[in-house]
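In: Test case, fold it:
(one chain, ligands or ions: 1)
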Amino acid sequence: MPTSLFKDAITHLDKAAKFADIEAESLERLKYCRATLEVSVPVRMDDGSLRVFTGYRVRHDDTRGPTKGGIRFHPNVSLDEVKALSFWMTFKCAVMGIPYGGAKGGVMVDPKHLSRLELERLSRGFIEQIVDFIGPDTDIPAPDVYTNAMIMGWMMDEYSKIVRQYTPAVITGKPIPLGGSLGRNEATGRGVYYCIKELEKKLGWTPEDKTVAIQGFGNLGQHVAALLHQDGYRIVAISDSQGGIYSDSGFDIPSIIHTKNDTKRVRAVYCEGTVCEVVEAKQITNEELLELDVDILIPAALEDVITKDNASHIKAPYIVEGANGPIGHGADDILAKRDILVVPDILANAGGVTVSYYEWVQNKSGYYWDVDDIHKRLEKRMSEEFNNVYNLMEQHHCDMRTAAYVHALNRLGQAIEAQGTHTFFSEEVLA
Ligand code: GLU
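Out: Numbers count the residues shown, from 1 in each chain. Now for the predicted structure:
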């Protein structure tokens, strides 16, 4: 792990600023988080004991709108990580042109060790602690690593009870009957898929000729795998936190998804249950998966998995970042020198927050759209912004991450500067 994920995250700003239309003072503002909140959440456990969990909510910048970003439940959550994640949300929303700033939240907990009721008490308790910090027009949480629609439902209900007003627009990624949007659950995976389809169009390849490895088989990994598989891509390797499997001939993704969701693990799924006779699979580690000789690598788990140490061993010519921050400090330059094209997280995984925005709009208007409408809008927006970023990359001869930051900085610069800059407030102008 680097010393500070947040410090590493902001280094992208100076790199991109030289190509962006933004003033130095506007750039400076973006190097800080507006507000950070640390809370402790006491939870009564099922055995009668009390445990206290630490949690955070950070708002990075709200110039372009209320802040937006998920809440993760993970044992390694730290303030520094949540700050970096909130920073990435500001840039993700700006890349996509959706009217939000960036925020993030997290609780230090391994949710797999909690019972359902303990998880509910923790979710509600966390909202009780951050209730004054969030709101439908100030800061809007959503799911992230190890949180899901059910948790969002509890959180929205808790918020609504405290403010004594049904407030679906305070949280997105909710269950459909509680004001969730159709298409939100699969939106992040779909966004990654649309990016790959744009590459396919640009580079003119045939899906059947391309092999794919996916690290992480949660919500995102499963949806992107299913969509690519349907189009004929060969998914030769997948993994989860327990380890991975490899098959040269590619996996039958629908049956793996079925088994994973039944047994809760991917390792050795081919040795048990109904799918075991179908395909021979070799067990691999998460580290080995990253270094496989495949065409497309999708890191879809946690941050900082491709580092200075393994970047020179990556063989995939295309990396599409499903997770936030999977490529660590210093690794980008090594990959760029080796001509590996990286579709960056703030574009590639932006499908989730984009459909969150659609959910929020539907909640605010009280009028709900059908699923085809959601998919079409998402596809159009992903394709437009992908091409905007791709064109900037070609124009400035830079990597695609830098181009995405340039695109976001142009939008952020316009918004910050519309409020006035040093030239507007200088003595000669005011005189
Ligand atoms: N947690 C997701 C992300 O990192 C979604 C955030 C949202 O929908 O607000 O983009």
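
In: Contacts only, for Asn219.
Out: Neighbour list for Asn219: 143, 148, 185-186, 188-189 [criterion: CB atoms under 8 Å, 6 or more residues apart in numbering]. C-beta coordinates here come from the backbone N, C-alpha and C atoms, glycine included.

In: Sketch out the low-pLDDT regions of the chain for me.
Out: 1-2, 263-280, 427-431 (pLDDT under 70).

In: give me the residue from it nearest the ligand.
Out: Among the residues of the chain, Gly70 lies nearest to the ligand; the distance is 2.8 Å by CB to the nearest ligand atom.

In: my guess is that residue contacts Ala142, does it?
Out: Yes - under the criterion of CB atoms under 8 Å, Gly70 makes contact with Ala142 at 4.6 Å.

In: So Arg34 is in contact with Asp61, correct?
Out: Yes - at 6.1 Å, Arg34 counts as touching Asp61 under the criterion of CB under 8 Å.

In: and these two? which has more neighbours close in?
Out: With neighbours defined as other CB atoms under 10 Å, Arg34 and Asp61 compare such that Asp61 has more, 26 against 17.

In: And that one, how far from Leu409?
Out: From Asp61 across to Leu409, the span is 12 Å (CB to CB, to the nearest Å).

In: which neighbours do those two share?
Out: Leu30.

In: Could you tell me which residues make contact with Ala323?
Out: Going by CB under 8 Å, 6+ apart, Ala323 touches 216, 220, 299-303, 305, 345, 349.

In: Tabulate those (a markdown table), appending distance to Leu378.
Out: Formatted as a markdown table, the contacts of Ala323 follow (distance: CB to CB, whole Å):
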| residue | distance to Leu378 |
| --- | --- |
| Gly216 | 21 |
| Leu220 | 14 |
| Pro299 | 21 |
| Ala300 | 18 |
| Ala301 | 23 |
| Leu302 | 24 |
| Glu303 | 24 |
| Val305 | 26 |
| Asp345 | 17 |
| Asn349 | 13 |
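
In: Is it possible to get those out as a markdown table so that each row also shows secondary structure?
Out: A markdown table is the format used below for the contacts of Ala323 (DSSP: H, G, I helix; E, B strand; the rest coil):
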| residue | secondary structure |
| --- | --- |
| Gly216 | coil |
| Leu220 | helix |
| Pro299 | strand |
| Ala300 | coil |
| Ala301 | coil |
| Leu302 | coil |
| Glu303 | coil |
| Val305 | coil |
| Asp345 | helix |
| Asn349 | coil |
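
In: out of those, which are buried?
Out: Neighbour counting by 16 or more other CB atoms under 10 Å classes 216, 220, 299-303, 305, 345, 349 among the contacts of Ala323 as buried.

In: Need the CA coordinates for stretch 41-58. CSV is fine.
Out: Presented in CSV, the C-alpha positions along stretch 41-58 are these (Å, rounded to 0.1, in the frame of the first residue of the first chain):
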residue,chain,number,x,y,z
VAL,A,41,-21.3,3.4,15.9
PRO,A,42,-22.1,1.3,19.0
VAL,A,43,-24.0,-1.9,18.0
ARG,A,44,-25.6,-4.4,20.3
MET,A,45,-24.6,-7.9,19.0
ASP,A,46,-26.9,-10.9,18.9
ASP,A,47,-25.0,-12.5,21.9
GLY,A,48,-25.8,-9.4,24.0
SER,A,49,-22.3,-7.9,23.8
LEU,A,50,-21.6,-4.4,22.6
ARG,A,51,-19.2,-3.6,19.7
VAL,A,52,-18.2,-0.1,18.5
PHE,A,53,-17.4,0.4,14.8
THR,A,54,-15.6,3.4,13.3
GLY,A,55,-17.0,5.0,10.3
TYR,A,56,-16.3,8.0,8.0
ARG,A,57,-18.1,10.3,5.5
VAL,A,58,-16.1,12.7,3.4
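
In: Show me which positions of it end up buried.
Out: Under 16+ other CB under 10 Å, the buried positions of stretch 41-58 are 41, 43, 53, 55-58.

In: can you redo those residues as TSV with distance to Glu81 and secondary structure?
Out: Formatted as TSV, the buried residues of stretch 41-58 follow (distance: CB to CB, whole Å; DSSP: H, G, I helix; E, B strand; the rest coil):
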residue	distance to Glu81	secondary structure
Val41	18	strand
Val43	22	strand
Phe53	16	strand
Gly55	12	strand
Tyr56	9	strand
Arg57	13	strand
Val58	10	strand
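
In: And the furthest pair within those residues?
Out: Greatest spatial distance among these (CB to CB): Val43 and Val58, at 21.9 Å.

In: any shared contact partners between Gly70 and Ala142?
Out: 173, 352.

In: Next, work out how far apart Ala9 and Glu198 are.
Out: 25 Å.

In: repeat for Tyr233
Out: 14 Å.

In: got it, and Asp132?
Out: For Asp132 relative to Glu198 (CB to CB), the value is 41 Å.

In: neighbour-wise, which of those two wins?
Out: Taking other CB under 10 Å, Asp132 and Glu198 do not tie; Glu198 has more neighbours (20 against 9).

In: Which parts of the stretch 251-400 of the chain are strands?
Out: 282-284, 296-299, 318-320, 341-343 (DSSP state E, counting those that start in this stretch).

In: Quickly compare those strands and say which is most buried.
Out: For those, the largest average neighbour count (mean count of other CB atoms under 10 Å) is found in strand 296-299, namely a mean of 28.

In: Identify each buried residue in the longest helix seen in the chain, please.
Out: Longest helix in the chain, counting residues (DSSP state H): helix 371-396. Going by neighbour count (16+ other CB under 10 Å), the buried part of helix 371-396 is 374-375, 377-379, 381-382, 385-386, 388-390, 392-393.

In: how far does it sit from the chain's center?
Out: Centroid separation between helix 371-396 and its chain, computed with CA atoms, centre = their mean, to the nearest Å, is 16 Å.

In: just stretch 402-409 next, same as before
Out: Chain-centre distance of stretch 402-409: 17 Å, with CA atoms, centre = their mean.

In: How about it and the ligand, touching?
Out: No - using CB under 6 Å from any ligand atom, stretch 402-409 stays clear of the ligand, coming no nearer than 13.8 Å.

In: Cool, thanks, signing off.
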